[in-house]
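# Fold the following for me, if possible:
(one chain, ligands or ions: 1)
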Amino acid sequence: MNKNKNRQGKVIFSEYLRGDGIKKAISLKREEILLELKTSKLKGRGGAGFPTSTKWMLTAASISDEKYIICNADEGEPGTFKDRVLLVEYPELVMDGMVIAGYTIGAKKGIIYLRGEYEYLLKSLQDYLNEMRKDNLLGKDILGKVGFEFDIEIFLGSGAYVCGEETALIESLEGNRGEARNRPPYPVNTGYNGKPTSVNNVETLATIPHIVLKGAEWFLNVGTDNSSGSKLFSVSGDCAKPGVYELPWGTTINELLNLVEAKNTKAVQIGGASGFCIPKSQFDRKLSYEDISTGGSVIIFNESRNMLKVLKNFMEFFVEESCGQCTPCRIGNVKLLEGVEMIEKGEHTFTYLNKLKDLGKTMQVASKCGLGQSSPNSFISILENFKDEVLNYSNGGNNGRI
Ligand code: SF4
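Residues are numbered from 1 along each chain as shown. Coordinates of the predicted model:
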């Protein structure tokens with residue numbers, strides 16, 4: 001996989017020297033950075049696509065003696081591994097992005113919430129932070145900017161998928177069970193320890209130093225009207241060149257499949273287990289906020305795969321990972337998995353499957369957090385887009401691999 005990295009991207013993988021973004025940022029006023037970010041139209045790269053400038057403006061505007069910037073490195077979506085690549089190979093982008101965030105919103109402390117399974121990265125990241133301290137890129141009066149103080153610590157998660165959701169992540173940081181909070185209040189006002197907190201994805205933070213250094217107009221030249229810049233895609237599954245690719249927003253699925261040399265592709269799961277399964281007839285669709293929005297996981301399935309087994313795998317995952325706090329998600333995912341098992345055994349009826357699809361749609365609006373709101377996506381999209389194959393399974397149809 002190491003051979004198959006597209007390291008010539010137009011934004012994230014463009015040239016950058018450690019500290020350059022910080023130097024530029026501290027020569028500007030906070031308001032100037034916020035305006036540049038707003039002009040750039042940067043949206044959060046974790047999947048939700050919330051405008052980064054709005055999140056930072058709200059946190060900056062909250063009046064408090066303490067504020068926090070949290071880097072969400074709880075990369076738990078199946079099929080996603082681009083944040084790990086950034087942390088291992090481009091820590092200067094992520095850390096500089098955090099320092100710039102601290103300067104802009106007025107926080108003195110940044111916390112990296114590192115996925116429990118990435119424990120093996122802890123030592124190298126801590127060594128990197130120590131180097132930054134030696135170079136006065138962290139600490140007091142950073143790079144001679146009197147009064148600007150900021151440092152970063154790393155917190156190791158415990159492996160719960162739901163902690164990728166920002167309020168569950170904050171609960172976990174505070175030492176509680178990782179469960180989503182009711183909103184409002186939002187973390188920008190009442191976040192970590194009850195203080196204003198901006199939670200940003202690793203990739204979002206890694207994009208910031210480039211925008212600060214090269215400007216919003218440069219960033220807007222990449223991507224589409226409503227999806228500015230580029231996106232990192234973690235590509236896995238049936239292709240000759242899986243890996244991490246930086247592509248401009250607006251790239252079609254067909255273009256991506258050609259790039260990674262995928263053959264006989266039947267389906268592409270965009271956005272991981274919580275995303276959507278796209279059939280061949282729709283491979284001309286664009287990866288963008290206007291069409292198929294995604295946090296970057298792309299799983300490719302060729303003709304040999306059995307989509308019912310794929311779906312069962314996803315639903316088992318959600319039954320396991322639901323925190324159980326709210327009924328639509330706790331019960332709903334179990335019911336959807338039971339439906340898949342009924343199809344396997346040939347015990348389903350069309351009426352019941354339609355009811356399960358309606359249940360999925362209810363879960364999308366009634367669940368408390370993003371996990372339950374998105375877990376029915378693959379159930380609904382696979383049942384709609386691969387109906388014949390899935391329903392043919394119990395009649396001795398394709399019993400291929402998962
Ligand atoms: S949607 Fe699922 S994960 Fe989220 S709070 Fe409800 S039960 Fe927990």
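# residue ranges for the strands of the stretch 151-300 of the chain, please.
Using DSSP state E, counting those that start in this stretch, the strands found in the stretch 151-300 of the chain span residues 151-156, 197-201, 230-237, 243-248, 265-270, 276-279, 297-302.
# Out of the ones you listed, flag the one nearest residue 216.
Of all the strands of the stretch 151-300 of the chain, it is strand 230-237 that lies closest to residue 216, at 14.4 Å by Cβ to Cβ. Backbone N, C-alpha and C define where each C-beta goes, glycine included.
# Parallel or antiparallel, list what pairs with that closest one.
strand 243-248 (antiparallel), strand 297-302 (parallel) (DSSP bridges).
# so which of those strands gets nearest the ligand?
strand 297-302 (18.5 Å; Cβ to the nearest ligand atom).
# Hey, what's the angle from the closest one to strand 265-270? Just curious.
170 degrees (axes from the mean of the first three to the mean of the last three Cα atoms, to 10 degrees).
# Could I have the CA atoms of strand 297-302 written out in PDB?
The C-alpha trace of strand 297-302 is given here as PDB (Å, rounded to 0.1, in the frame of the first residue of the first chain):
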ATOM      1  CA  SER A 297     -13.600   6.100   3.100                       C
ATOM      2  CA  VAL A 298     -13.900   4.400  -0.300                       C
ATOM      3  CA  ILE A 299     -14.400   0.600  -0.300                       C
ATOM      4  CA  ILE A 300     -14.400  -1.100  -3.700                       C
ATOM      5  CA  PHE A 301     -16.400  -4.300  -4.400                       C
ATOM      6  CA  ASN A 302     -16.000  -6.300  -7.600                       C
END
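# need the next SSE after that strand, C-terminal direction.
Using DSSP states H and E, the next helix or strand after strand 297-302 towards the C-terminus is helix 307-321.
# helices and strands around that next one, which ones?
strand 265-270, helix 327-345, helix 376-385, helix 387-392 (3 or more Cβ pairs under 8 Å, 6 or more residues apart in numbering; DSSP states H and E).
# Flag every buried residue along whichever helix or strand comes after the second one.
To tie it back to what came earlier, the one meant is helix 327-345. Using DSSP H and E, the helix or strand that follows helix 327-345 in sequence is helix 350-366. Within helix 350-366, the residues scored as buried using 16 or more other Cβ atoms under 10 Å are 353, 356, 357, 359, 360, 363, 364.
# Next SSE downstream of helix 350-366?
From helix 350-366, the next helix or strand downstream (DSSP H and E) is helix 370-374.
# and the helix or strand encompassing residue 39, what other elements does it pack with?
Under the criterion of DSSP H and E, residue 39 resides in helix 30-40. In terms of contacts (3+ Cβ pairs under 8 Å, 6+ apart), helix 30-40 is packed against helix 52-61, helix 91-105, helix 202-214, helix 216-220.
# of all those, which lies closest to residue 234?
So among the helices and strands packed on helix 30-40, helix 202-214 is nearest, using Cβ to Cβ, at 10.5 Å.
# That closest one packs against which elements?
Partner elements for helix 202-214 (3+ Cβ pairs under 8 Å, 6+ apart): helix 20-26, helix 30-40, strand 68-73, helix 82-89, helix 91-105, helix 216-220.
# what about stretch 41-50, start to end distance?
End-to-end distance of stretch 41-50 (Cα to Cα, to the nearest Å): 10 Å.
# how about it: buried residues?
Judged by neighbour count using 16+ other Cβ under 10 Å, the buried positions of stretch 41-50 are 41, 42, 43, 44, 45, 46, 47.
# what does stretch 171-188 give?
171, 172, 173, 178, 179, 180, 181, 186, 187, 188.
# near the ligand, from these?
Filtering the buried residues of stretch 171-188 for proximity to the ligand by Cβ under 6 Å from any ligand atom leaves residue 180.
# Let me know the closest of the buried residues of stretch 171-188 to the ligand.
residue 180 (4.3 Å).
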